[in-house]
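> what follows is a predicted structure for the sequence shown.
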Amino acid sequence: MANVEKISVSMTPQHAEILRDAVESGAYASSSEVIREAMRDWSAKWVQRRGDIAKLRALWAEGKASGNSTEVDFDGAFNEARAELALPNKRAP
């Protein structure tokens with residue numbers, strides 16, 4: 001494997017046992033393979049999370065830029081939503 005960096009990782013005894021079990025079961029060739037797969041999974045989640053955070057920040061900025069807040073009649077909004085839900089479903093022909 002070209003261009004790799006060796007890093008030492010500390011983990012709980014429970015995680016170490018799970019890692020060893022994965023290798024001993026034959027599911028993985030080495031503990032490094034287990035860690036590489038875990039890093040790929042984590043990396044995908046991290047990229048998604050960063051995108052979600054960026055989207056939330058953009059929505060927050062958009063909301064702040066939209067002007068001053070106004071009072072909301074929650075009872076009226078709920079009543080309107082309930083009335084809409086009570087209408088019979090209209091199906092497209």
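Thanks, I have it.
> CA only for contacts and neighbour counts going forward, please
Fine.
> from residue 83, how far off is residue 76?
Per C-alpha to C-alpha, to the nearest Å, residue 76 is found 10 Å from residue 83.
> quick one: the lengthiest helix in the chain to chain centroid distance?
Identified as the longest helix of the chain according to DSSP state H is helix 31-65. Its chain's average C-alpha position is 7 Å from that of helix 31-65, according to C-alpha atoms, centre = their mean, to the nearest Å.
> buried ones in the helix or strand following it?
Next along the chain after helix 31-65, taking DSSP states H and E as the criterion, comes helix 74-86. Buried positions in helix 74-86, judged by neighbour count with 16 or more other C-alpha atoms under 10 Å: none.
> what mean pLDDT does helix 74-86 get?
Averaging pLDDT along helix 74-86 yields 93.
> please compute how far that helix lies from its chain's middle.
The chain centroid and the centroid of helix 74-86 are separated by 32 Å, computed with C-alpha atoms, centre = their mean.
> summarise which helices and strands it is packed against.
Helices and strands touching helix 74-86, as assessed by 3 or more C-alpha pairs under 8 Å, 6 or more residues apart in numbering; DSSP states H and E, are absent.
> buried residues, the longest helix of the chain. List them.
residue 34.
> what lies in contact with the worst-scoring helix or strand of the chain on mean pLDDT?
Lowest mean confidence among the helices and strands of the chain (mean pLDDT, DSSP states H and E): helix 74-86, at a mean of 93. Residues from elsewhere that reach helix 74-86, judged by C-alpha atoms under 8 Å, 6 or more residues apart in numbering: none at all.
> how near is the residue minimising distance to the centre of the chain to residue 55?
Centroid-nearest residue in the chain: residue 49, 5.3 Å away (criterion: C-alpha atoms, centre = their mean). Separation of residue 49 from residue 55 (C-alpha to C-alpha): 10 Å.
> and what of residue 86?
Remark: distance between residue 86 and residue 55 (C-alpha to C-alpha) = 34 Å.
> over to residue 34?
On the measure of C-alpha to C-alpha, residue 34 and residue 55 end up 32 Å apart.
> repeat for residue 42
20 Å.
> same check on residue 71?
According to C-alpha to C-alpha, residue 71 stands 26 Å off from residue 55.
> same check, this time on residue 4
Separation of residue 4 from residue 55 (C-alpha to C-alpha) stands at 33 Å.
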